[in-house]
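>>> structural data only, the sequence is not supplied:
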C-alpha cells in the first residue's frame, strides 16, 4: 500500500524560496554576468588584430586576413558561472579556439582553470 508523503507548509515555502533564489541568481548571471565577462574578454583580446562580429569557423563567410579574433556571446550553465566561446587566428593555418569558464559575482571575475580548447596548425 502506498503511503502519501506529507510536507508542511513551512517546508514547501522554504523549497519554493530556494528554487526562486536559485533561478533568480541564474538569470542575473546569464544576463548581466555574461555581458560583463564578454566585454572583459573582448578588451583583453582587442590588441590582437581584427575583431570579428561573426564566427568564421561556423559561418559561410570567408575569413579575413590574419591576425583576427572572435569572442562569442556568453552563456551561463549555472549561477555565478559564465562560459565564453572564442577563437583567434595568429597566422595562416595557425590558430586556437575554445571555451573558457569564469566565476562571476557582481563585479568579481575570476578565470577558472577549466578550458575546452583546440589548437590547429598546418
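Done, it's in. Keep in mind that what you see is a predicted model, and the values were worked out from it rather than measured.

>>> and stretch 43-55, what's its mean pLDDT?
Stretch 43-55 comes out with an average pLDDT of 67.

>>> for the helix or strand harbouring residue 44, give me every contacting residue.
Assigned by DSSP states H and E, residue 44 belongs to helix 34-45. With contact meaning CB atoms under 8 Å, 6 or more residues apart in numbering, helix 34-45 is reached by 51, 69, 71-76, 82, 84, 86, 88, 100, 102, 104, 109. No exception for glycine: its C-beta is placed from N, CA and C like everyone else's.

>>> with stretch 74-87 instead?
22, 25-26, 28-30, 33-35, 37-38, 41, 45, 55-57, 69-73, 95-105, 112.

>>> ok, residue 86 - how many residues close by?
20 (other CB atoms under 10 Å).

>>> so what pairs up with it in the strands?
residue 71, residue 98 (DSSP bridges).

>>> hey, where'd the helices end up in the protein?
For the chain, the helices defined by DSSP state H cover 9-28, 34-45.

>>> any idea which of the ones you listed gets closest to residue 2?
helix 9-28 (20.3 Å; CB to CB).

>>> got the buried residues for the closest one?
25, 26, 28 (16 or more other CB atoms under 10 Å).

>>> quick check on the spatially closest residue to the first one that is not a sequence neighbour: phi, psi?
What that stands for is residue 25. Spatially, and ignoring its direct neighbours in sequence, residue 25 is nearest to residue 79 (4.0 Å; CB to CB, 6 or more residues apart in numbering). The phi/psi pair for residue 79 (degrees, to the nearest 10) reads phi -60, psi 140.

>>> before we move on, back to that, now which of the contacts of stretch 74-87 would you call buried?
The buried subset of those (16+ other CB under 10 Å) comprises 25-26, 28-30, 33-34, 37-38, 41, 56, 69-72, 95, 97, 100-102, 104.

>>> could I get the pLDDT score of the closest residue to residue 105 other than its chain neighbours?
Residue nearest to residue 105 in three dimensions, not counting chain neighbours: residue 80, with 5.6 Å by CB to CB, 6+ apart. Model confidence at residue 80, expressed as pLDDT, equals 96.
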